[in-house]
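[1] Fold the stuff below for me.
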Amino acid sequence: MRRWYRDLKKRDVLQLPAAVSAEARLQHCSDVLDEYAEKVYAVMHANSPALDSSE
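    Alright, predicted model coming up:
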């Protein structure tokens, strides 16, 4: 989505106000996705068996 947005932004010769809103919404989506990924990794890490270094 970021690449798509960058490509569109390059073509926005009118510098429409909606572009500012779109950028903010894209950033919000990215933040939400990052938070979700952190939660998934935390759960996966908490549920993984500990490695025994004596083996």
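
[2] contacts, neighbours, all on C-alpha from now
    Fine.

[3] Which strands or helices does the longest helix anywhere in the chain pack on?
    As assigned by DSSP state H, the longest helix anywhere in the chain is helix 18-47. Packing partners of helix 18-47 (3 or more Cα pairs under 8 Å, 6 or more residues apart in numbering; DSSP states H and E): helix 2-11.

[4] Any buried residues in the helix it packs on, and which?
    Within helix 2-11, no residue is scored as buried using 16 or more other Cα atoms under 10 Å.

[5] Show residues contacting it.
    19, 23, 26 (Cα atoms under 8 Å, 6 or more residues apart in numbering).

[6] That helix - what's its average pLDDT?
    What helix 2-11 shows for mean pLDDT is 87.

[7] Now find how far off-centre it is within its chain.
    Taking the mean of its C-alpha atoms, helix 2-11 sits 16 Å from the chain's own mean (Cα atoms, centre = their mean, to the nearest Å).

[8] Let the chain start at 14 from now.
    From this message on, residue numbering opens at 14, which makes the last subject helix 15-24.

[9] just to revisit the earlier point, can you give me the angle the longest helix of the chain makes with helix 15-24?
    Helix 31-60 runs at 170 degrees relative to helix 15-24, counting by axes from the mean of the first three to the mean of the last three Cα atoms, to 10 degrees.
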